[in-house]
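Q: Just a sequence and a predicted model for now, questions to come.
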Amino acid sequence: MNPYEVLGVNRSASAEDIKKAYRTAAMKNHPDRNPGDHQAEERFKRVARAYEVLSDPSRRDTYDRYGTTEDPGSAAGMGGMHDIFSGFGLDDALRAFMENFGFSAGGSGSRVVQGEDITVKVNLDLEEAALGGSREIEVEKNTVCSECSGTGADKASGSESCRHCNGMGKVSSIRNTLLGSFRTVTQCHVCGGRGTIPKKLCSNCRGRGFEKRKSTIAVDLPAGLSEGHYIRLRGQGHHPGQGGVPGDLKLFINEIDYGPFRREGDNLVYSLTISYPQAVLGGEFSVPLPDGDSLQIKVGSGTGAGVRIKQKHHGMGRLNRRGRGDLFVEIDIHVPDKVKRSEKELLKKLEESPSFKIKRK
């Protein structure tokens, strides 16, 4: 794979153009933005490696000459052309990303463990969706152990220094890559970066640092929600225990019961069915509102089917904005399937009346 093609730049691109292209591609494909997406992870590694090559004038010049980062005349290049993307792992890509753009890795080489997220599907009624409100959500989740406070250790016995990392919480190793040898500092897999391990496991959580409990969480619902929307509550998900931080609780708006209304963006449409005489003569009619109240509206004489009467600011709340949409009362005229003989005679007389004659253009 060509590093220029990976970053989407041509061979004459400036250093600034290359850096800009790398930042855009790296942010788009970063693992934190694409959890569980292995294809995005591979793209992230490739763009990081491509930038490592093209941002270094010497490596870029070598690649432009020979199609590799190794000089074919050197010992490393004697075996033929190498794939410049081979042997470049996710750790290398993340390290390069943090070094190039000044992101902190925590300073200690340890990574804070985050608990899993919880997704809960909820169904809303129209008033909740249109005007907002509050909900109490009951979830069963992993919470920090009440006995050991999340350490995983028996209170009486306590903890001791981790022998694998000598209490440092991190271990270092030398890794050989195409860019040379690098000293890599990683979190200790034995103590999870804490530097200590329990002498005896907590009997309540069996050393996990968390226990399963039911919790009731109050959720504020903003006005203007729609199906498919997520509400994220930070830190309300599963707790991983042993010094980690909880994941998030995500509320997924599954269905909204709009009742007699139809939604069009921030607006609501209510179909008002009136009789033919009412359409001719006009009148006042009661229409429902999203909050369960009602409103009297006036339908003018001679109103035809399909006419919409706007009622301002009686529609859906505007999500993350002020104000509300409008309510449109759409007129539908009832035409009876059957009529009595006396009614038919009246209709015939009306049909012959000049007012009911259809004027053809």
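A: Here it is on my side, so go on.

Q: Apart from its chain neighbours, what residue comes closest to N204?
A: E147 (3.8 Å; C-beta to C-beta, 6 or more residues apart in numbering). In short, each C-beta sits where N, CA and C put it, glycine included.

Q: you'd agree that neighbour is in a helix?
A: No: using DSSP: H, G, I helix; E, B strand; the rest coil, the assignment for E147 is coil, not a helix.

Q: Look up phi and psi at it.
A: phi -90, psi -50 (degrees, to the nearest 10).

Q: Tell me how far it lies from K340.
A: Applying C-beta to C-beta, to the nearest Å, the value for E147 to K340 is 82 Å.

Q: now do R213
A: For R213, the distance to K340 - C-beta to C-beta - is 69 Å.

Q: Specify which residue of these two has the higher count of neighbours.
A: The neighbour count for R213 versus K340, taken as other C-beta atoms under 10 Å, is higher for R213 (13 against 9).

Q: Which pLDDT value belongs to that one?
A: Note on R213: pLDDT of 93.

Q: what sits against it?
A: By C-beta atoms under 8 Å, 6 or more residues apart in numbering, the contact set of R213 is 140-141, 143.

Q: most surrounded residue in these?
A: For the contacts of R213, the largest number of neighbours (other C-beta under 10 Å) sits with K141, at 20 neighbours.

Q: Extract the C-alpha set from the longest helix anywhere in the chain and format it as PDB.
A: Counting by DSSP state H, the longest helix found in the chain is helix 38-54. The C-alpha trace of helix 38-54 is given here as PDB (Å, rounded to 0.1, in the frame of the first residue of the first chain):
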ATOM      1  CA  HIS A  38     -11.700  -3.800  13.500                       C
ATOM      2  CA  GLN A  39     -11.700  -2.300  10.000                       C
ATOM      3  CA  ALA A  40     -11.400   1.200  11.500                       C
ATOM      4  CA  GLU A  41      -8.600   0.000  13.800                       C
ATOM      5  CA  GLU A  42      -6.700  -1.300  10.700                       C
ATOM      6  CA  ARG A  43      -7.200   2.000   8.900                       C
ATOM      7  CA  PHE A  44      -6.000   3.900  12.000                       C
ATOM      8  CA  LYS A  45      -2.800   1.800  12.100                       C
ATOM      9  CA  ARG A  46      -2.200   2.400   8.400                       C
ATOM     10  CA  VAL A  47      -2.700   6.200   8.500                       C
ATOM     11  CA  ALA A  48      -0.400   6.400  11.600                       C
ATOM     12  CA  ARG A  49       2.300   4.400   9.800                       C
ATOM     13  CA  ALA A  50       1.900   6.400   6.600                       C
ATOM     14  CA  TYR A  51       2.400   9.600   8.600                       C
ATOM     15  CA  GLU A  52       5.400   8.200  10.400                       C
ATOM     16  CA  VAL A  53       7.000   7.600   7.000                       C
ATOM     17  CA  LEU A  54       6.000  10.800   5.200                       C
END
